[in-house]
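In: fold the following.
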Amino acid sequence: MTKKTDPRTAEPDAELDICDVVCPMTFVKAKVALDDLEVGQILAIRLNDGEPTENVPRSLKEDGHRVLKLTDNRDGTYRLLVKKAPDYF
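Out: Residues are numbered from 1 along each chain as shown. Modelled structure (predicted):
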């Protein structure tokens, strides 16, 4: 059974700032950063509002990762917490 992570108290194991990156490279950078983590670790991603906040969480979810939380930083950026999932392929 997989341990549940409470998104209110989750602490990231790594952080990534992709505010200066445009889609679709935002997803690519996030995916590469997750590849460097162990299964179950959490990545915090800082990204711009708009396409990145729509596409990155959706794409990571489609890859099987668990999107824990998306928080508005109130400065045009967001903080996304993602828990790395095991590879099933």
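
In: flag the shaky bits of this structure, pLDDT-wise.
Out: Counting by pLDDT under 70, the chain shows low-confidence ranges at 1-8, 88-89.

In: show me where it has its helices.
Out: Using DSSP state H, the helices assigned to the chain run over residues 25-35, 51-62.

In: show me what the longest one is packed against.
Out: This means helix 51-62. On a contact count with 3 or more Cβ pairs under 8 Å, 6 or more residues apart in numbering; DSSP states H and E, helix 51-62 meets helix 25-35, strand 42-48, strand 66-72, strand 77-83. Every residue, glycine included, has its C-beta placed from N, CA and C.

In: could you check the angle strand 66-72 makes with that helix?
Out: 170 degrees (axes from the mean of the first three to the mean of the last three Cα atoms, to 10 degrees).

In: quick check: buried residues in helix 51-62?
Out: 52-53, 55-57, 59-60 (16 or more other Cβ atoms under 10 Å).

In: export the helices and strands packed on helix 51-62 to CSV and tack on distance to residue 19 and mean neighbour count?
Out: Converted to CSV, the helices and strands packed on helix 51-62 look like this (distance: least, Cβ to Cβ, whole Å; neighbours: other Cβ atoms under 10 Å):
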stretch, distance to residue 19, mean neighbour count
helix 25-35, 9, 17
strand 42-48, 5, 21
strand 66-72, 14, 15
strand 77-83, 6, 21
